[in-house]
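Undergrad: Fold the following and give me the result.
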Amino acid sequence: MIDSAPSIETLRRPPRRFMLKGAALLALVVGLLVIAALRRALFPVGLAVVVAILALVFVESYDHLGPRTHFTPTELAQQEANAHKHPTTNNDATSANESSASEHLASLRAGIRTAVHHPFGLGIGNTGVTAVRTKVTVEAGESTYTELAVETGLVGGLMFIAWSLVLLARLRRVPWLAGAFAALLFVGLQTDVIGIPWIAVVVWALAGAEVSQESAGPATIP
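TA: Okay, here's the model as predicted:
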């Protein structure tokens, strides 16, 4: 046995990321802080602190609350073999080596390298689920920003980031919408948010409706 490899008991624990995405919780905190800044109020800050504390308590206690999974001997042997290949990886949601976080960071770094090495882009359809479905090499995945940069080039990726930040600034008259949009942009670091239909339709539609009516007077969205 390799001492540094996760124990079989660890492998049997329910995967926290199945139930709760750490990035989603952080995004909620980010959104609340944006709302607090725009409203110049302490209450959203308090909510952000509560969310952070409850999230930490939940992920630390989930092993005792969540359902347990049972594996066949063959599956257990395969998991032990995988554990030996990645001895520093664990499923502690508060650890920098947590498996899901490590995968997202590795994907983000790989996408950035690809975008830098191909500054003019590789064309539409070479990243994310589109590439998987069409059975071509996935040049970048998960991060909205790296996917766009790899497909449309560095200029395209940077233009999307700049446009998003300008749009966020324009939403300051509607704090809750600005907070939601800020949370969305944060999640975009490790998720293809454009590929999630309800987000693309609801959040961007609301943002666009507010900005398009900005010159008409007071905020159109309460």
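Undergrad: and stretch 164-184, how far out from the chain's middle?
TA: Centroid separation for stretch 164-184 versus its chain: 17 Å, with CA atoms, centre = their mean, to the nearest Å.
Undergrad: er, stretch 137-150 I mean
TA: 13 Å.
Undergrad: tell me how far the ends of it are from each other?
TA: One end of stretch 137-150 to the other measures 12 Å (CA to CA, to the nearest Å).
Undergrad: Touching that stretch from outside, list them.
TA: 104, 107-108, 110-112, 114-115, 118, 121-122, 126-128, 131-132, 151, 156-158, 160-161, 188-194 (CB atoms under 8 Å, 6 or more residues apart in numbering). In this view, the C-beta of every residue, glycine as well, is placed from N, C-alpha and C.
Undergrad: would you put the C-alpha positions of the one helix or strand residue 166 maps to in PDB?
TA: Per DSSP states H and E: residue 166 is located in helix 154-170. Extracted in PDB, the C-alpha atoms of helix 154-170 (Å, rounded to 0.1, in the frame of the first residue of the first chain):
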ATOM      1  CA  LEU A 154      -7.600  36.200 -27.700                       C
ATOM      2  CA  VAL A 155      -9.200  39.300 -29.000                       C
ATOM      3  CA  GLY A 156     -12.600  37.600 -29.000                       C
ATOM      4  CA  GLY A 157     -12.100  36.400 -25.400                       C
ATOM      5  CA  LEU A 158     -10.900  39.700 -24.200                       C
ATOM      6  CA  MET A 159     -13.800  41.500 -25.900                       C
ATOM      7  CA  PHE A 160     -16.300  39.300 -24.100                       C
ATOM      8  CA  ILE A 161     -14.700  40.000 -20.800                       C
ATOM      9  CA  ALA A 162     -14.600  43.700 -21.400                       C
ATOM     10  CA  TRP A 163     -18.300  43.700 -22.600                       C
ATOM     11  CA  SER A 164     -19.300  41.700 -19.500                       C
ATOM     12  CA  LEU A 165     -17.600  44.200 -17.100                       C
ATOM     13  CA  VAL A 166     -19.200  47.200 -18.900                       C
ATOM     14  CA  LEU A 167     -22.600  45.500 -18.700                       C
ATOM     15  CA  LEU A 168     -22.000  44.800 -15.000                       C
ATOM     16  CA  ALA A 169     -21.200  48.400 -14.400                       C
ATOM     17  CA  ARG A 170     -24.300  49.500 -16.300                       C
END
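Undergrad: Just give me how far the helix or strand following that helix sits from the chain centre.
TA: Per DSSP H and E, the first helix or strand lying C-terminal to helix 154-170 is helix 175-187. Taking CA atoms, centre = their mean, the mean C-alpha location of helix 175-187 is offset from the chain mean by 13 Å.
Undergrad: Show me what helix 175-187 is packed up against.
TA: Helix 175-187 is packed against helix 22-39, helix 154-170, helix 197-212, with contacts defined by 3 or more CB pairs under 8 Å, 6 or more residues apart in numbering; DSSP states H and E.
Undergrad: Could you look over those helices and pick the most buried one?
TA: Comparing those by mean neighbour count (mean count of other CB atoms under 10 Å), helix 22-39 ranks first with a mean of 19.
Undergrad: and the angle for that helix with helix 154-170?
TA: 50 degrees (axes from the mean of the first three to the mean of the last three CA atoms, to 10 degrees).
Undergrad: tell me the angle the next helix or strand after helix 22-39 makes with helix 175-187.
TA: Scanning forward in sequence from helix 22-39 by DSSP H and E, the next helix or strand is helix 43-65. Orientation of helix 43-65 against helix 175-187 (the same axes, to 10 degrees) gives an angle of 50 degrees.
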